[in-house]
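Asker: Output the structure for:
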Amino acid sequence: MGKAYRMAPTPAAEPVRKPRARKRPKGAPTHVRSWPLRPTGAQCRQIGTRFFTGVRVYNAVLGEFIGRSRAVKADPAWQAARELPRRTAAERKRRGAAFGAVQAAHGFTADAAQSFASSLRKSWVREHLPAQETQNLGARAFDAVRQWHVGKKGKPRFKNARRGLHSVAAKDGNGALRPNTDDAGRLVGLQWGRNARR
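Answerer: A predicted model of the protein is given here:
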């Protein structure tokens with residue numbers, strides 16, 4: 001009988017990393033340009049209504065997902081997941097998957113929070129808050145609940161209607177408030193969403 005020869009495995013090739021190209025030279029001077037905003041009375045009312053609506057959406061998502069967090073922790077499957085071992089990487093992965101399955105069963109996910117926030121636009125919210133801002137507020141509220149859910153922070157509080165929100169953001173530039181300039185670089189108005197404000 002002939003001898004069986006075992007070949008040594010070929011070492012994996014190291015990935016070649018290209019140096020990242022800088023968008024601007026290191027140490028290049030930067031500048032910030034600012035314009036004073038002087039909205040009209042009607043624009044001030046519109047802004048106030050948007051922020052008031054944002055507070056209502058944020059609080060609605062917060063309340064809903066605090067309830068879902070409690071439902072997740074009351075589920076016997078959550079307690080069973082907590083008792084799983086976590087010494088090795090494989091055990092930790094299995095434990096994390098068990099936690100994820102319980103949370104998904106109760107709809108305790110970031111996607112579910114954004115969907116719940118979007119569902120609020122079937123009411124008067126639709127007239128004052130675009131879809132992307134609404135989803136972003138849902139994600140913010142979920143993140144606050146999740147931090148409490150995993151024990152990193154205290155229980156989140158509902159926003160006061162008087163103090164409200166400090167900002168409202170969108171997922172892309174279509175929802176941002178940004179300057180609208182002419183070819184010479186002069187400020188001719190503001191653009192909020194797709195419509196320019198002169």
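Asker: Please make it C-alpha for all contacts and neighbour counts, starting now.
Answerer: OK.
Asker: Outline the domain layout of the protein.
Answerer: Domain assignment for the chain by automatic domain parsing gives 43-167, 170-198.
Asker: Looking at those, which is nearest to Lys23?
Answerer: Ranking the domains of the chain by proximity to Lys23 (C-alpha to C-alpha) places domain 170-198 first, at 20.2 Å.
Asker: where exactly do the strands run in this structure?
Answerer: Secondary structure of the chain (DSSP state E): strands located at 177-181, 187-192, 195-197.
Asker: rank the ones you listed by pLDDT, which is bottom?
Answerer: Averaged per stretch, pLDDT over those is lowest on strand 195-197, reaching a mean of 50.
Asker: Which residues does stretch 124-141 contact?
Answerer: Contacts made with stretch 124-141 from outside it, assessed by C-alpha atoms under 8 Å, 6 or more residues apart in numbering, are listed as 49-50, 53-54, 57-59, 61-62, 110-111, 113-118, 120-121, 168-171, 175.
Asker: again, only using 7 Å
Answerer: By C-alpha atoms under 7 Å, 6 or more residues apart in numbering, the residues outside stretch 124-141 that reach it are 49-50, 53, 58, 61-62, 110, 113-114, 117-118, 168-171.
Asker: which of the residues you listed lies closest to Arg82?
Answerer: When the contacts of stretch 124-141 are compared for distance to Arg82 (C-alpha to C-alpha), Ala110 comes out closest, at 21.6 Å.
Asker: Just the local confidence number for the most centrally placed residue in the chain, please.
Answerer: With distances taken as C-alpha atoms, centre = their mean, the residue of the chain nearest its centroid is Ala139 (4.3 Å). Model confidence at Ala139, expressed as pLDDT, equals 94.
Asker: so how far is Phe116 from it?
Answerer: 10 Å (C-alpha to C-alpha, to the nearest Å).
Asker: Could you do Phe142 as well?
Answerer: Taking C-alpha to C-alpha as the measure, Phe142 and Phe116 are separated by 11 Å.
Asker: neighbour count winner among these two?
Answerer: Neighbours were counted for Phe142 and for Phe116 using other C-alpha atoms under 10 Å; Phe142 has more, 28 against 20.
Asker: unless I'm mixing things up, the more buried one is touching Phe108, no?
Answerer: No. Between Phe142 and Phe108 there is no contact, the gap being 8.6 Å when judged by C-alpha atoms under 7 Å.
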